[in-house]
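S.K.: predicted model follows, preceded by the sequence.
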Protein chains: 2
Amino acid sequence: MTATTPAALDLRADLLTLTRAVCDVPSESGDETALADAVESALRACPHLEVLRDGDAVVARTALGRPTRVVVAGHIDTVPIVDNVPTRVEGEGADRVVWGRGTVDMKAGVAVQLALAAELDAPTHDVTWVFYDHEEVDADLNGLGRLVRTHPEWLACDFAVLCEPTAGGLEGGCNGTLRAEVRLTGVAAHSARAWTGRNAIHAAGEVLRRLAAYEAASVEVDGLVYREGLNAVLITGGTAANVIPDACVVTVNYRFAPSRSVEEAAQHVRDLLDGYDVVVTDAAPGARPGLDHPAAAAFAEVVLAVTGGAPAAKLGWTDVARFSALGVPAVNFGPGDPLLAHKVDEHCPVDQIEVSHAALRAWLTA
Amino acid sequence: MTATTPAALDLRADLLTLTRAVCDVPSESGDETALADAVESALRACPHLEVLRDGDAVVARTALGRPTRVVVAGHIDTVPIVDNVPTRVEGEGADRVVWGRGTVDMKAGVAVQLALAAELDAPTHDVTWVFYDHEEVDADLNGLGRLVRTHPEWLACDFAVLCEPTAGGLEGGCNGTLRAEVRLTGVAAHSARAWTGRNAIHAAGEVLRRLAAYEAASVEVDGLVYREGLNAVLITGGTAANVIPDACVVTVNYRFAPSRSVEEAAQHVRDLLDGYDVVVTDAAPGARPGLDHPAAAAFAEVVLAVTGGAPAAKLGWTDVARFSALGVPAVNFGPGDPLLAHKVDEHCPVDQIEVSHAALRAWLTA
């Protein structure tokens, strides 16, 4: 018995209703239990699925004895809510969107997964549906990474699709990501006698100047163009309002093309910030596009027949890199404009949710 | 009944022992109750004193019917402890120092007050001994300011001495202090697509550059020279390591000569940071030296006869400004080098504690 009634998800509801229901259960990284419980409970009601649980990751899979097995995966956590939950619907007809935290990154994709998991009791590939936690935070907390370590057999497959937002397009590979701290030091003193100390926050000015002046590269890899970015994402310094600060830390995030290794990326940051104490605190390599693999090519053929369009580079780091590291080809395909991910006005066209659903359905029933 | 045994202070112990005992009861701003309890309890044991309490401020006073009443005041709080409590004694003979948080700012001064309060049962002036809280934080939390509002009659006097650290010298007036927030805004975005956002932390670079390049003035007021300072003391920005930050706040502290009003000081900061959103969050005016007042002159004559030296400008803001605002002349006089206030290696010569005690004793028994 639990102390509270878990949120209930109706996987047979229309896609818009299901998307909103998933978004309206808050699940900021580290606080995914309520949504994971709801997902697990709804999937356990499907007799054709075996359901597994690890922490706040839920895995549901068919066991039809098909010659191929595919993974369709998505994360259930979001970046912090900023007064943008519950969701609302705006616009009419083809312009209709669902608005709110997670609609893009990536609960509309999760809703498509859930609907298909419930609906497809006899897909043409065996399917392992993966819903995981902690994607929006430190790479070492990532729920899919945890499954790789603790239950690698749950992820065994011939091909994987991540339903990360691609605006309904097919995106290959992904940029790598690296986080580093630039640690500035000074000498504390009473601020009434500032000249007896040395101000660590003032010292950060030059670091920020270099970052502001930095021009990010665009790098072609296997025919797709990866645009990079290098930014300060956090800054903190000082201990009290009457003390000259003796420490300031600028956290930078470098998104780098999959042609660079983590080591090369770290050196690039060190070169830019030469003369400063740069400590890499978190990093994950990118993934090359991989669209030349037969399983990826077959997926692309069916999906692009439904959606139109051509493959493009994935710019955000996604967990395709984890499958890539396991030797499994993987692509990104999901509803929502990635340009709106993490924004306050995050919103997703309802049409894209429906087209994504139709395309994946076509692939799994072909 | 209380749950814990309060720390006991022996006011008849030698000055070094008493100073260490006062320092060894931690009393960071907001957490002064244990020390205030100990001070109150020790003073209540002195039959010649009436003891009053307001929050964590303790006031003890004689009622001898003398023609003049003086206040001798000090704050009992400190800036945060950084592994520099308990105290220790270093050096020998004239080089002997007591080392640790609060030894300079300003528990050696508090120890001198406590020793004299207990010892002098018939001073030549009626004396009001004031021990107060929250001096090291926002001006609107200041315990002496609270007493001015809630019990102004407790502070009634002809002349006031603050035992703030002056290295045993006599310091007149004080600089004013102003705190302002420089608020930078941007547009949040996923850090994988940084070019769709606008980085608020990068925008702080120019603010820090101007502050680093700023040259503080030295201003002569009534014959004493006040050195100013303008510094970033705190900085915070960003929400998550994968989000382009849409907000960054730089907190600056301006220490300004008593010839400037708070309004003039605010304008000076706005002029330096023209083009930025500058919001004044806290300010306290300075105090002109006031050494031409007869009560101040009489004090100076007796004290300087013991200590030697000449009056100087007080650079740090002190609560002499509150007495100044009440029309009461007030000076700073206490042990400890103010250049060491708030530093990790804060320490105070034992000789200065003894000389300060002797000088105040000479004044109150003259």
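M.R.: On my side now, so go ahead.

S.K.: ramachandran angles for A:Asp133?
M.R.: phi -110, psi 170 (degrees, to the nearest 10).

S.K.: pLDDT at it, what is it?
M.R.: On pLDDT, A:Asp133 comes in at 98.

S.K.: can you count the residues close to A:Ala305?
M.R.: A:Ala305 has 12 neighbours, counted by other Cβ atoms under 10 Å in any protein chain shown. Any C-beta I mention is one placed from the backbone N, CA and C, and that applies to glycine too.

S.K.: list the contacts of it.
M.R.: A:Ala362 (Cβ atoms under 8 Å, 6 or more residues apart in numbering or on different chains).

S.K.: okay, it and A:Ala115: tell me how far apart.
M.R.: 21 Å (Cβ to Cβ, to the nearest Å).

S.K.: likewise A:Val59?
M.R.: Applying Cβ to Cβ to A:Val59 and A:Ala115 gives a distance of 17 Å.

S.K.: same check on A:Val207?
M.R.: 47 Å.

S.K.: give me the more crowded residue out of those two.
M.R.: Using other Cβ under 10 Å, the more surrounded residue of A:Val207 and A:Ala115 is A:Val207, with 25 against 21.

S.K.: the more buried one falls within a helix, correct?
M.R.: Yes. Assigned with DSSP: H, G, I helix; E, B strand; the rest coil, A:Val207 falls within a helix.

S.K.: who touches the helix or strand hosting A:Ala118?
M.R.: Per DSSP states H and E, A:Ala118 falls inside helix A:108-119. With Cβ under 8 Å, 6+ apart as the test, helix A:108-119 has contacts from A:9, A:11-12, A:15, A:18-19, A:21-22, A:39, A:42-43, A:46, A:49, A:60, A:72-76, A:98, A:127, A:129, A:131, A:163-165, A:334-336, A:348, A:352-353, A:356-357, A:360-361, A:364.

S.K.: please repeat the previous calculation with a cut-off of 7 Å.
M.R.: A:9, A:11-12, A:15, A:18-19, A:22, A:39, A:42-43, A:46, A:49, A:60, A:72, A:74, A:76, A:129, A:131, A:163-165, A:334-336, A:348, A:353, A:356-357, A:360-361, A:364 (Cβ atoms under 7 Å, 6 or more residues apart in numbering or on different chains).

S.K.: then stretch A:137-144?
M.R.: Stretch A:137-144 is contacted by residues A:29, A:55-57, A:73, A:75, A:130, A:132-135, A:145, A:282, A:284, A:319, A:322 when judged by Cβ under 7 Å, 6+ apart.

S.K.: which of the residues you listed count as buried?
M.R.: Listed as buried from the contacts of stretch A:137-144 are A:29, A:56-57, A:73, A:75, A:130, A:132-135, A:145, A:282, A:284, A:319, A:322; burial here means 16 or more other Cβ atoms under 10 Å in any protein chain shown.

S.K.: write out the residues of the stretch 251-366 of chain A neighbouring chain B.
M.R.: Proximity of the stretch 251-366 of chain A to chain B is confined to A:251, A:253, A:255, A:315-317, A:338-339, A:341-344 under the rule Cβ under 7 Å from any Cβ of the partner chain.

S.K.: compute the distance between the residue in the stretch 1-150 of chain A that chain B sits nearest to and B:His190, please.
M.R.: Nearest to chain B in the stretch 1-150 of chain A, going by Cβ to the nearest Cβ, is A:Val79, at a distance of 5.7 Å. Distance, A:Val79 to B:His190, by Cβ to Cβ: 8 Å.

S.K.: quick check: neighbours shared by the two?
M.R.: A:342, B:243.

S.K.: who has more neighbours, the two?
M.R.: Comparing A:Val79 with B:His190 by other Cβ under 10 Å, the one with more neighbours is B:His190, at 29 against 23.

S.K.: how about the more buried one, what does it touch?
M.R.: A:316, A:338, A:341-342, B:242-243.

S.K.: ok, so of those residues, who is nearest A:Val89?
M.R.: A:Val89 lies nearest to A:Ala341 out of those, by Cβ to Cβ, at 19.4 Å.

S.K.: secondary structure class for the closest residue to that closest one other than its chain neighbours?
M.R.: The spatially closest residue to A:Ala341, leaving aside those adjacent along the chain, is A:Asp105, at 3.9 Å (Cβ to Cβ, 6 or more residues apart in numbering or on different chains). Of the three states, A:Asp105 takes helix according to three-state DSSP.

S.K.: many thanks, we can stop here.
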